[in-house]
Every structure is written in structure tokens, then in C-alpha cells.
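1. Here's my sequence, what's the structure:
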Amino acid sequence: MEQTKSLERICIDGVCHCDFRLTITDCEESQGLWYVHAIHASFAFVTALIGIALFGYRVGVKKYQFWFMEPTLKGGRIRPRPIEGMLLISFFYNTFRSFSSLYLLLDIAPDNLVARTFIFEFPWPFGYGAVVVYLNSIAQTVAQSRTIGCSWLPCSPRSVDAVGTLLFFLPFLLNNAFSIPIGIIGQSDPTTAIILTRVLDIAWFFLNAFLFVAVFFSAARLIRILGSRAHGKAQNLDDVPGGIIRKVEMIVLLFSLCLVGFAFFLLFFGAMRDHIITHKIGNITLALLWMNWGASSCFISQFVLVVNPRFFPNLVGSSRSYGQSTHHYDGINTSMDDQYIGGGVTLDAVTGTLPNDDDAILHAIQLKQQK
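-> Residues are numbered from 1 along each chain as shown. Below you'll find the model as predicted:
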């Protein structure tokens with residue numbers, strides 16, 4: 001049995017199998033992988049459009065700030081709003097991911113491995129960064145609390161700045177440090193290129209695993225804090241505007257599943273690359289999951305932002321009255337009508353009932369500290 005390996009394909013007795021990340025032509029899975037990339041290119045593009053529309057509505061129409069415009073040493077200087085930051089950065093992620101599939105569908109520059117490896121790897125730090133920005137924004141808010149901030153997060157806003165900046169930019173540096181050299185030596189030394197690809201996959205596995213732990217445990221701690229407030233004197237969540245507990249629960253659950261999924265894909269593919277690529281059904285199935293996992297997470301998170309929180313199971317076991325209520329905190333007057341009645345999902349739901357996660361969380365924490 002004659003077997004030849006390259007960065008893009010594995011050929012056995014003249015039958016070639018594609019690495020779906022770099023090519024979809026001249027292999028046993030070509031037709032199936034073409035449909036996978038066509039579905040992904042369309043889905044990611046639609047998700048990008050929805051995300052930028054929500055971002056534009058919140059910032060352009062409702063005039064919510066993308067960046068906290070009055071940074072102080074107390075509050076830290078890296079202060080993008082969590083929802084706006086997540087929507088904007090995930091827009092870039094989905095746009096570049098859609099382009100990467102379109103690049104393979106059109107089979108542009110098939111011999112240019114530098115371009116192919118770079119175009120495939122370039123979008124991933126944006127997806128990772130969207131999660132980091134959301135977590136960093138919430139962390140900055142909680143770090144302002146002297147009584148609970150140090151128990152589960154860096155103890156000062158400046159520390160949060162440093163950790164958040166490192167986590168955001170590290171994947172960009174890592175990807176460029178590997179993807180460009182992999183492409184350069186991909187044809188002249190495919191064995192080394194494949195080894196470097198596996199090293200990059202393992203590095204991404206640890207990045208995803210670390211961020212999953214950070215997201216899961218910090219959010220679990222935050223939800224317990226908010227839940228303890230909800231179980232206090234007020235038996236509804238009026239102290240926490242817009243069903244913030246349920247929203248945070250659902251977004252964190254999505255982030256956790258997304259990160260765990262990618263960590264599994266990376267570890268599984270890195271360990272069994274040859275077996276997966278040469279198994280036609282396994283190759284196409286993993287490609288379908290891998291290519292659409294991130295876009296699906298972004299799409300569902302957008303749905304979470306506009307749907308009535310009462311449709312979500314509340315993991316802390318509290319209830320919410322969605323009637324008229326008004327909140328005053330940190331100079332913000334937030335009036336919340338029961339905008340979901342008879343509708344379920346509206347653009348105003350994205351803005352009227354959930355002005356900003358960090359504002360609502362800070363308000364709830366301040367009330368807890370006053371007890």
C-alpha cells in the first residue's frame with residue numbers, strides 16, 4: 001500500500017483525501033466538503049449581518065456606548081461594553097470565516113499554502129477575542145467591588161486590564177507565529193509542516209481549555225452572587241434589570257459549550273489526523289461540526305439577546321416579574337416595560353430590557369454590599 005502525505009492531502013494507492021481546512025478539490029470527499037463549506041459560508045455571512053445589525057441598532061439608534069468613555073483608575077481603562085464588544089468582534093470573526101470558506105469554494109491560488117494557512121487561521125482569534133471581551137468587561141465591573149472582586153478575579157481593575165489584554169492578543173501572535181511558517185515550508189518539508197500544525201492545534205486546545213475554566217468558574221461565582229441577592233428581601237429580580245441572571249447564564253453556557261467543543265475538536269483532530277482525513281464519513285462529519293460550531297454559537301447568542309428571559313430556565317431558581325419597573329443607578333435611568341407581551345422577540349428587547357450587562361451587574365453587587 002503506497003501512501004503519500006502533504007499538508008493538504010493524504011493519498012493511499014492513488015486515492016486522495018482532503019484536509020478540509022486547506023482544500024476541497026481532487027479528493028474522495030470533494031463533493032461533501034463543497035456542501036459543508038457552502039453551508040458554512042452562507043451561515044457565517046448571515047450571522048455576521050445579524051450581529052452588525054444588532055450592534056448598529058444599539059450604538060447608532062439607541063446611542064449606547066461601545067466603550068466606557070470615562071475610564072478611571074478605579075474602573076480600569078480597558079472597558080468595552082460586553083454586549084457591544086461581543087457583537088462587533090464576532091462580526092469580524094464570522095465575516096472572515098465566511099471568506100475563508102468562499103476562498104476554498106472558488107479554489108483561489110491552490111498552490112499558495114501561505115495564503116491558505118493564513119486565511120484559515122486568521123479568523124479564530126476574533127472568535128476567541130469575542131469571549132475574552134465579554135468576560136473582561138464583566139470582570140472589570142466585578143473588580144470594582146472591594147468585598148468580592150478578589151475572591152474569584154484579579155484583585156484590581158489594572159490586573160484585569162493586563163490579563164484581558166494578554167488573552168485577547170496572544171492568539172493573534174500565536175497564529176501568525178505558526179501559520180505563516182507552516183505555509184512557507186508546506187511544500188518543501190510537509191512532514192515538519194504537519195508537526196507544526198499539530199503543535200498549533202495543541203496550543204489552541206490549551207487556550208480554549210483555559211478560557212473555558214475562566215468563563216465557567218467566574219460566571220458561576222457571579223451567578224451565585226446575583227442569585228443570593230435575588231433570594232434576599234426582594235423575591236423577584238427587580239434588583240437585576242432585564243432578567244440579567246438568565247441572560248448571563250445562557251451566554252455563559254453557550255461560551256462554555258463552544259470552547260469545550262473546539263477544545264475537543266482540536267485534541268481529537270490533532271491526535272488522529274491521518275485516521276480522520278482518510279475516513280470519508282468521519283472527515284465530512286467533523287468538517288460540518290468544526291466549520292459551523294462557532295457561527296452557531298454566535299447565532300444562538302444573538303437570539304439570547306433578543307428573546308424574553310422568561311423563556312429560559314433559571315438555574316438559580318428565582319423568578320422575575322416582567323411588569324413596569326424603573327431603576328436608577330450610576331446616573332442611569334432605566335425604564336423597563338413588559339415589551340415581550342404578545343411579541344416574544346423585538347429589537348427593543350435587546351435594548352430596553354437589557355441596557356448593559358455590566359451596569360446591571362454592578363447595580364446588583366452594590367445593592368448586595370449595602371445589605
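
2. Show me the shaky parts of the stretch 251-371 of the chain.
-> 308-371 (pLDDT under 70).

3. again, only this time at 80
-> Residues of the stretch 251-371 of the chain meeting the criterion pLDDT under 80: 307-371.

4. Ramachandran coordinates for T278?
-> phi -80, psi 0 (degrees, to the nearest 10).

5. burial of it, as a residue count?
-> 18 (other C-beta atoms under 10 Å). To be clear about C-beta, it is placed using only N, CA and C from the backbone, and glycine gets the same treatment.

6. With V252 instead?
-> 22.

7. Return the residues in contact with the residue nearest to it when sequence neighbours are not counted.
-> With sequence-adjacent residues excluded and distances taken as C-beta to C-beta, 6 or more residues apart in numbering, V252 is closest to A219, at 3.9 Å. Contacts here follow C-beta atoms under 8 Å, 6 or more residues apart in numbering; on that basis A219 touches L135, I138, V248, E249, V252.

8. ok, which pair from these is furthest apart?
-> L135 and E249 (14.4 Å; C-beta to C-beta).

9. Could you pull up the mean pLDDT of the longest helix that the chain contains?
-> The residue-count maximum for a helix in the chain (DSSP state H) belongs to helix 190-230. Mean per-residue pLDDT for helix 190-230: 83.

10. immediately after that helix, which helix or strand?
-> Next helix or strand after helix 190-230 toward the C-terminus (DSSP states H and E): helix 244-271.

11. how far off helix 190-230 does that following helix point, in degrees?
-> Put simply, helix 244-271 runs at 160 degrees to helix 190-230, going by axes from the mean of the first three to the mean of the last three C-alpha atoms, to 10 degrees.

12. Could you give me the buried positions within helix 244-271?
-> 244-256, 258-259, 261-263, 265-267, 269-270 (16 or more other C-beta atoms under 10 Å).

13. now for that helix, which elements pack on it?
-> helix 124-143, helix 190-230, helix 280-306, helix 357-370 (3 or more C-beta pairs under 8 Å, 6 or more residues apart in numbering; DSSP states H and E).

14. Skip ahead from it and say which helix or strand is next.
-> Counting by DSSP H and E, what follows helix 244-271 is helix 273-277.

15. Mind giving me the packing neighbours of that following helix?
-> strand 9-12, helix 280-306.

16. Could you give me the buried positions within the longest one?
-> Taking 16+ other C-beta under 10 Å as the neighbour-count basis, helix 280-306 is seen to contain the buried residues 283-284, 286-288, 290-302, 304-306.

17. The shortest one now?
-> Taking 16+ other C-beta under 10 Å as the neighbour-count basis, strand 9-12 is seen to contain the buried residues R9, I10, C11.

18. so how far is D161 from Y35?
-> 44 Å (C-beta to C-beta, to the nearest Å).

19. what's the answer for I83, then?
-> For I83, the distance to D161 equals 20 Å [C-beta to C-beta].

20. Which of the two has more residues huddled nearby?
-> I83 (27 against 20).

21. helix/strand/coil for H17?
-> When classified by DSSP: H, G, I helix; E, B strand; the rest coil, H17 comes out as strand.

22. same question, the one 4 residues further on
-> Reducing the assignment at R21 to three states with three-state DSSP gives coil.

23. Can you tell me the closest non-neighbouring residue to it?
-> Counting by C-beta to C-beta, 6+ apart, the residue nearest R21 is F120, at 5.1 Å.

24. go on, V15?
-> Per C-beta to C-beta, 6+ apart, closest to V15 is E28, 5.9 Å.

25. Confirm that the one you found sits in a helix.
-> No: assigned with three-state DSSP, E28 falls outside any helix and is coil.

26. for Y93, what are its contacts?
-> Neighbouring residues of Y93 by C-beta under 8 Å, 6+ apart: P123, W124, F126, G127, G129, A130, G294, C298.

27. Quickly note the distance from the residue nearest to A287 when sequence neighbours are not counted to A263.
-> Leaving aside its chain neighbours, A287 sits nearest to F20 (3.9 Å; criterion: C-beta to C-beta, 6+ apart). Relative to A263, F20 is positioned 19 Å away (criterion: C-beta to C-beta).

28. cool, and I182?
-> The gap separating I182 from A263 is 21 Å, by C-beta to C-beta.

29. Would you agree A287 is in contact with L33?
-> Yes: here A287 reaches L33: they are 5.9 Å apart, a contact under C-beta atoms under 8 Å.

30. which neighbours do these two share?
-> Common neighbours of A287 and L33 (C-beta under 8 Å, 6+ apart) are F20.

31. What residues of stretch 55-65 count as buried?
-> F55, Y57, R58, V59, Y64.

32. With distance to L167 added, can I get these in TSV?
-> Formatted as TSV, the buried residues of stretch 55-65 follow (distance: C-beta to C-beta, whole Å):
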residue	distance to L167
F55	22
Y57	28
R58	24
V59	24
Y64	24
